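Q: Everything below, folded, please.
(2 chains)
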Protein chains: 2
Amino acid sequence: MRLLPHWASPYPRQHLGSDVLAGIIVTILVIPQSLAYALLAGLPPQAGLYVSILPVIAYALFGSSMVQAVGPVAITAIMTYSVLAPIAPPGSPAYIGLAAVVALGSGVLLVLCGSLRLGFLANLLSRPVIAGFISGSAVLIVFSQLKHFFGVEPQGSDAATVIRALLADGRLDMASAIGLTAVAILGFARLWLAGLLERCGLSPAAGGFVVRLFPLLVVLGATATVIAGDLDRLHGVAVVGRIAEGLPGLTPFLPAAGELQQLALPILLVALIGMVQNISMGQALAIRRRERLDANAELRGLGCANIVAAFSGGMPVGGGVSRTAVNVAAGAQTPLASIVSALAMLLVVAGAAPLFARLPLAVLAASIIVAAVSMIDLRSLRQAWRYDRADGLAALGTAVGVFVLGLEAGIGLGILFSLATLLYRASTPHIAVIGRIPDSEHFRNVERYAVETLPGTLFLRIDESLFFGNLHALESRLASELEKAGDTRHVVLIMNAVNRVDATAMEVLSDLNRDLCGRGIALHFAEIKGPVQDRLIGTPLWQELSGRVFLSVNDAYTALASGTPPRAD
Amino acid sequence: MRLLPHWASPYPRQHLGSDVLAGIIVTILVIPQSLAYALLAGLPPQAGLYVSILPVIAYALFGSSMVQAVGPVAITAIMTYSVLAPIAPPGSPAYIGLAAVVALGSGVLLVLCGSLRLGFLANLLSRPVIAGFISGSAVLIVFSQLKHFFGVEPQGSDAATVIRALLADGRLDMASAIGLTAVAILGFARLWLAGLLERCGLSPAAGGFVVRLFPLLVVLGATATVIAGDLDRLHGVAVVGRIAEGLPGLTPFLPAAGELQQLALPILLVALIGMVQNISMGQALAIRRRERLDANAELRGLGCANIVAAFSGGMPVGGGVSRTAVNVAAGAQTPLASIVSALAMLLVVAGAAPLFARLPLAVLAASIIVAAVSMIDLRSLRQAWRYDRADGLAALGTAVGVFVLGLEAGIGLGILFSLATLLYRASTPHIAVIGRIPDSEHFRNVERYAVETLPGTLFLRIDESLFFGNLHALESRLASELEKAGDTRHVVLIMNAVNRVDATAMEVLSDLNRDLCGRGIALHFAEIKGPVQDRLIGTPLWQELSGRVFLSVNDAYTALASGTPPRAD
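A: Next up is the predicted model:
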């Protein structure tokens, strides 16, 4: 292992200024978010600040992306809440312990996946399914926060339970007023402020900065209001409460085997979603910045961040969309920005934490709701639906699944949808019967060109690699073509698009050769790629092949037209 | 729905004789097997006879294969045993009821899969994984039957428990003597008898028939021995016991919701394995007989057979390898043979059942063991390993998984192995940088041919359909090629092998276009297939495309060589 991460040896000094500035800006801007997502995860708000320190440094040292920012994220937070809330009361010591176990477990899993080079598993979910999952989760998030507005404690995170609790016990009070006002201000800032500022002459960059500063201003304003009016003591407005002063230390712990078993599925899901989100964002960023992302290094980095998070804050972390956007917009060039941001956060925790003690929870809930609403991606759903009905159904199914059945069942549905589409598509390979364009050496699909064919001979061009999933399609296509033309004596498989023939395919082709031979039909191959042929030599298929192997389709055509006996070589 | 199945309207009269004869032969030959597999499933042996009547007729009416024979099969039987034994004592009324629920549930699931055209799901498992699963199960089957030889009752079906029980309580007695003798005789018959008979001048067909008759002879001989020596009463040799006389009726029942929930996974697995086994065998048979198999009709047929089995015998059924082999060897031409066999079995149950009352269980166990040993397919495992390390690992992993972790975890591992291979292979598409063969219009891979390229231009040929699973590979390949050649201004994607572009791919290409555009690189397409282009028109990708769409690679090459500005059309 290198002593220094790849970006620091040597560190490009010209980036020092922008990295330091970006780090400081990020810290200031993500404070409200960090507090809010910890609340969303059912943890004490300061947990969000704590995991913005050491885990961020761990990711900067071991990750691969140059500008991705890791920290508390909404999706991981709501997943933590939804899997742990049924097991322990949110905020209780037991709950906090379990959250750390989830972080540790998914961290270890991510490091393992990275070390075993399983980064390709991040391809398990299609974009429509991811969009559906995020949209469904966003709706769940909005519902989960309404309790902070209307002073209820629903006994579950699913929509039905929350609605029932709201209808039964919901009340409008000072907290509701603060929360709804905050939603109005933040919503206004997100939707219209940038445009307004631009019309007032501000540059888009400056306007964007002001918009991003708004959550912090609202948080500070609300805290000031509470302090001024003594609203927490006089009107019972719920606030963050006293944050332990001083620096957060490491909390050593060892998860019990029973806990790990109970949390196996949640851990797996948190790891999977973290993986998918992190890699897809990292990849997009890398392309935009002309860099390369090492998906496996990325997983190891995210895994290390989560392992560290388990012992220092106890909340699972991920690559955050808005966090990363802030980082990029603020001009970060290397992970040094994240290290600066972690150090700045350390100062905040050490010094400014008491400031947040009287911050009303309803304001944090408001910032979560506004962020969640912007995650609902109806455009993607509509677009997928219009473009490809199967993709649209997968997206809609996942979204509805998350909302109705919960996050775990929803993501399960999404994986199922994705894999079923994959399997379905892979199981319907493109296969064409081809013939020769008269007086040429060109061969084309008989259905689309006027071509000549040889009587008693079937030329089948296989346009995809052969593997266990698409052999049934090949077999039934061949059977139907043989049925159509009753007198076939030669079958030529054209393999120029076949890059791989797996063990199942080799066996099936071997069976096919034997069966065809028994029916008096010779099986030939043409244009097999070198590596495929190398592997097939020595298999029963090659030893027993009833026909010949031709270099080109034209060779096969000429030989069979002139009646050359099969297996002449 | 037609009144008569496809094969009976009209029924080809010339096949009547061979079908009737085949039906009768099959019945005689499968009696020992039917009793044995019911025993293997932990059910009363007569259940095997009962499900060889009405379910067989249901499959003949609704299935698609002409010669596949359905009935009790070893794999489904051991699965039934392994999932139900932990829930209820084998053979108890509760156990028998649960077995019927498994049959009903998997039947309904199969009919649903067939009606929803999900037959392609049978492609979920690769052949090496199936071979591994069957081999692992066969070893489990052998272990499960040793108890009948050595008079023990292990409290579980896993190998470790069985071995512990054998070591602690195993004893050698009269039953062991009968069982081991039967294994010796049956093993001899299977391995050497055919060759011996042939050397004595018998035809291979006649010899095969004698070999297949051996299990029945052994069963009859053993029963005669027990009766002659009164071994069951004097020496406590366990026998089948009294079989309810007369005809088996339908047992109406309704599964409780709780049972269905508890058995959901087993039901799913029995349905999946039944599906895979049935369709792969049916497909192979159909090709050999120049027929076509409708996979979805096949699933509906197998499903109906299982639904009927639930109410009439209560044991899940499947397409049996040896049963089908007997059917084909006996000369069956249409499913009428199965109907004849069902009617003949009805006569057996009505008349000859008392004959089996004193049949020793150890002999049935012996016939199971001999059949199971022949299912262990070391050749396939070795061959897969030699041909493709990944396939070999998947096979071995599944086999060891089944043996060590049990059937359910084993098949789960197998599915995981298969899907991981599928995803991994799909996620590494073949992409080539191409150039022009000098003074021609031919374009080839720059790594394998001496070709000329245009400075500042990158021609990438994508050799596979684009979908969510392989876009990361495309993105990173593109990024690395752009990094290699720092001054690229045009990227041309050659799409002649791309048959589909799913919603994720469309979005990624659209993002790519935008990102490349931001870097001053134009994105062009060449040789897009008609259906793919039709779908892309109207998407953001098409509307914002920074480059052009060329009909041929040569057009693109010529245009870019002559410096035609992008987006001239």
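Q: where's residue A:74 relative to residue B:78, distance?
A: 47 Å (C-beta to C-beta, to the nearest Å). For glycine as for every other residue, the C-beta is placed from the backbone atoms N, C-alpha and C.
Q: Next: residue A:186.
A: Going from residue A:186 to residue B:78 by C-beta to C-beta gives 61 Å.
Q: what do you get for residue A:127?
A: 42 Å.
Q: Equivalent analysis for residue A:480, please.
A: 36 Å.
Q: higher neighbour count, these two?
A: residue B:78 (25 against 10; other C-beta atoms under 10 Å in any protein chain shown).
Q: Quick one, grab the pLDDT at the residue nearest to the more buried one when sequence neighbours are not counted.
A: Excluding the flanking residues, the one nearest residue B:78 by C-beta to C-beta, 6 or more residues apart in numbering or on different chains is residue B:141, at 5.1 Å. With respect to pLDDT, residue B:141 has a value of 87.
Q: continuing past whichever helix or strand residue B:141 is part of, what's the next helix or strand?
A: If you go by DSSP states H and E, residue B:141 is part of helix B:127-150. Toward the C-terminus, helix B:127-150 is succeeded by helix B:159-169 as the next helix or strand (DSSP H and E).
Q: That following helix vs helix B:127-150, what angle?
A: If you take axes from the mean of the first three to the mean of the last three C-alpha atoms, to 10 degrees, helix B:159-169 sits at 20 degrees to helix B:127-150.
Q: which residues make contact with the helix or strand just after helix B:159-169 from outside it?
A: Once the chain leaves helix B:159-169, the next helix or strand it forms, by DSSP H and E, is helix B:174-188. Residues from elsewhere that reach helix B:174-188 (C-beta atoms under 8 Å, 6 or more residues apart in numbering or on different chains): B:148-151, B:214-215, B:218, B:222, B:225-226, B:231, B:235-238, B:360-363, B:365-367, B:369-370, B:373.
Q: buried sites along helix B:174-188?
A: B:174-176, B:178-179, B:181-183, B:185-187 (16 or more other C-beta atoms under 10 Å in any protein chain shown).
Q: what sits against the residue nearest to residue A:392 when sequence neighbours are not counted?
A: Among residues not flanking residue A:392 along the chain, residue A:385 sits closest, at 3.0 Å (C-beta to C-beta, 6+ apart). For residue A:385, the contact set (C-beta under 8 Å, 6+ apart) comprises A:391-393, A:395-396.
Q: Residue A:405 now?
A: Neighbour list for residue A:405: residue A:413 [criterion: C-beta under 8 Å, 6+ apart].
Q: circling back: tell me which helix or strand the residue nearest to residue A:392 sits in.
A: Residue-wise, residue A:385 maps onto helix A:378-387 under DSSP H and E.
Q: quick one: buried residues of that helix?
A: Buried, per 16+ other C-beta under 10 Å, within helix A:378-387: A:380-381, A:383-385, A:387.
Q: do the same with stretch A:265-277
A: For stretch A:265-277, by 16+ other C-beta under 10 Å, it's A:266-267, A:269-277.
Q: for those residues, which one is nearest chain B?
A: residue A:276 (10.6 Å; C-beta to the nearest C-beta).
Q: which one of the buried residues of helix B:174-188 is nearest residue B:7?
A: residue B:186 (34.6 Å; C-beta to C-beta).
Q: Now that closest one: closest residue in space that isn't a chain neighbour?
A: Nearest to residue B:186 is residue B:370, by C-beta to C-beta, 6+ apart, at 4.2 Å.
Q: show me what contacts that neighbour?
A: B:183, B:186-187, B:190.
Q: Kindly reformat the residues you listed as TSV containing pLDDT.
A: Shown next, in TSV, are those (pLDDT from 0 to 100):
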residue	pLDDT
B:183	91
B:186	89
B:187	89
B:190	83
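Q: Could you export these as a markdown table, including distance to residue A:260?
A: Formatted as a markdown table, the contacts of residue B:370 follow (distance: C-beta to C-beta, whole Å):
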| residue | distance to residue A:260 |
| --- | --- |
| B:183 | 45 |
| B:186 | 47 |
| B:187 | 46 |
| B:190 | 48 |
